[in-house]
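# Got a sequence here, can you build the structure:
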Amino acid sequence: MKYSKVHITSFGYELPPNVVSSEDLEKRLAPLYDTLHFQKGQLESLTGIRERRFWDPGFRMAQGAILAGEKSIAAAGIDPRAIRMLVYGGVCRDNLEPATACAVSNGLGLGPDTLVYDVSNACLGILNGMVQVANAIELGQISAGLVVSCESAREIVDSTIQRMLEAGTMDVFKQTVATLTGGSGAVAVLLTDASLSDQNHRLLGGDYRCATEHHTLCTWGPDSGISAVGKQVMNTDSVGVLKHGVALGIETYRAFRNTLSLTAAQPDKTVCHQVGSTHQDTILKAIGISRERDFVTYPYLGNIGTVSLPITAAIAAERDFFKVNDLVGMLGIGSGLNCLMLGIAW
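A predicted model of the protein is given here:
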């Protein structure tokens, strides 16, 4: 897929107030660590994550998405009613129905002629939403669209720690330790055509691949199925996700480079989905990108699901990591397995 008139006009993001260190989580896991004869520091050593953030109890996802959306609209300096499409791409949602995007649209004061809906695709929800908005802009259906998400890890981390302590086994620890990397946050990405943009940060396009035979490697949801009740359970085959995810990433990266006709030196900079240190090291080595060209936030934000990649891009932009004319690669992967990579002419 290629685009000729789509621009990433602004980002907005909101960070939760509560900083939770890996040491804090290990203190809660002390009985399990004693049983399994673990030394303190295992969690940070395994993941490279020092801390993550949690919302206050009872915080609603629409509230975080509205805060992030307000910042992106203010940064762009446009009338909210110029936004004709709103996509909420989070894994976490306030209700099974209606779409969380409805509360966000109302909170942002968007007009009645706005197409409003949720997209769910594990950690790729924001990137999928960006593609849908970009398609509508390219077709001339809209001039501006907003993609938002808010994720909360507090509840699933709390229930996972309880599950680990109750089981007290290495098997459950292996199945659930990846959950403890989870962080919280909110993000918004505003895409427009050239008429509402300074014409920088053009979205060039990208490519995608899937390996859905691996859809059981990472699952999260009520243990009773898709109903609105039931204890939240998350299981991850970390070894399988890394092995098959990297293989899919390599295949998608080749397609991405071919679609955008990149030179040998491109992309100049990258932002990957923020899983942890092992994933970053493995995927960058596999595709031949040096660590110096890749921006990370996982050490202090953890894995925020759909928020991770765009919030990392927003922070990278704030810190002038991207330079004018850089070809920036957004390299996304999510459970399923699905992989989507986008290129931006910064």
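# Could you pull up the contacting residues of the closest residue to Lys174 other than its chain neighbours?
Distances taken as CB to CB, 6 or more residues apart in numbering put Ser238 closest to Lys174, at 7.4 Å, once the chain neighbours are dropped. In this view, the C-beta of every residue, glycine as well, is placed from N, C-alpha and C. Listed by CB atoms under 8 Å, 6 or more residues apart in numbering, the contact partners of Ser238 are 174, 177-178.
# got the buried residues for the lengthiest helix in the chain?
Longest helix of the chain, by residue count under DSSP state H: helix 238-259. Buried positions in helix 238-259, judged by neighbour count with 16 or more other CB atoms under 10 Å: 238, 241-242, 244-246, 248-249, 252-253, 256-257, 259.
# Using CSV, write down the CA coordinates of that helix.
Only the C-alpha atoms of helix 238-259 are listed here, as CSV (Å, rounded to 0.1, in the frame of the first residue of the first chain):
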residue,chain,number,x,y,z
SER,A,238,7.2,-16.1,25.4
VAL,A,239,9.6,-18.4,23.6
GLY,A,240,7.1,-19.1,20.8
VAL,A,241,6.1,-15.5,20.4
LEU,A,242,9.8,-14.5,20.0
LYS,A,243,10.6,-17.2,17.6
HIS,A,244,7.6,-17.0,15.3
GLY,A,245,7.2,-13.2,15.8
VAL,A,246,10.8,-12.5,14.6
ALA,A,247,10.3,-14.8,11.6
LEU,A,248,7.1,-13.0,10.7
GLY,A,249,8.9,-9.7,11.3
ILE,A,250,11.7,-10.5,8.9
GLU,A,251,9.2,-11.5,6.2
THR,A,252,7.2,-8.3,6.7
TYR,A,253,10.3,-6.1,6.7
ARG,A,254,11.4,-7.5,3.3
ALA,A,255,8.0,-6.7,1.9
PHE,A,256,8.0,-3.3,3.5
ARG,A,257,11.3,-2.4,2.0
ASN,A,258,10.3,-3.7,-1.4
THR,A,259,6.9,-1.8,-1.4
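# Enumerate every residue touching the residue nearest the centre of the chain.
Note on the chain: the residue nearest the mean C-alpha position is Thr306, at 2.5 Å, using CA atoms, centre = their mean. Thr306 makes contact with 89-91, 122-126, 149, 151, 187, according to CB under 8 Å, 6+ apart.
# run the last query once more with 6 Å
89-90, 123, 125-126, 149 (CB atoms under 6 Å, 6 or more residues apart in numbering).
# So it: helix, strand or coil?
Per DSSP: H, G, I helix; E, B strand; the rest coil, the local secondary structure of Thr306 is helix.
# Phi first, then psi, for Ser21.
Per-residue torsions, Ser21: phi -80, psi 160 (degrees, to the nearest 10).
# partner residues bridging it?
Beta bridges link Ser21 to Glu51, judged by DSSP bridges.
# Same question for Asp118.
For Asp118, the beta-bridge partners are Tyr88 (DSSP bridges).
# ok, so what distance separates it from Pro310?
Computed as CB to CB, to the nearest Å, the Asp118 to Pro310 distance reads 16 Å.
# With neighbour numbers in mind, choose between the two.
Legend: neighbour count by other CB atoms under 10 Å for Asp118 and Pro310, higher for Pro310 (30 against 20).
# so the more buried one, which of the three states?
What three-state DSSP gives for Pro310 is helix.
# Can you tell me how far it is from Leu96?
Pro310 is 25 Å from Leu96, where distance means CB to CB.
# which stretches of the stretch 201-346 of the chain form helices?
Applying DSSP state H, counting those that start in this stretch to the stretch 201-346 of the chain gives helices spanning 238-259, 277-287, 298-301, 308-318.
# For Cys102, find the nearest of the ones you listed.
Cys102 sits nearest to helix 308-318 of all the helices of the stretch 201-346 of the chain, at 21.3 Å, using CB to CB.
# Enumerate the positions of the closest one that are buried.
Using 16+ other CB under 10 Å as the burial criterion, the residues of helix 308-318 that qualify are 308-317.
# now do stretch 110-128
Residues of stretch 110-128 classed as buried: 110, 114-119, 121-128 (neighbour count, 16+ other CB under 10 Å).
# do the same with stretch 83-97
Along stretch 83-97, these residues count as buried under the neighbour rule (16+ other CB under 10 Å): 83-94.
# and whatever helix or strand Ile8 lives in, what other elements does it pack with?
Using DSSP states H and E, Ile8 maps to strand 7-14. In terms of contact count using 3 or more CB pairs under 6 Å, 6 or more residues apart in numbering; DSSP states H and E, strand 7-14 is assigned the packing partners helix 61-76, strand 185-192, helix 308-318.
# Let's have those in JSON lines, adding mean pLDDT and distance to Ile287.
Converted to JSON lines, the helices and strands packed on strand 7-14 look like this (pLDDT from 0 to 100; distance: least, CB to CB, whole Å):
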{"stretch": "helix 61-76", "mean pLDDT": "97", "distance to Ile287": "30"}
{"stretch": "strand 185-192", "mean pLDDT": "98", "distance to Ile287": "24"}
{"stretch": "helix 308-318", "mean pLDDT": "97", "distance to Ile287": "16"}
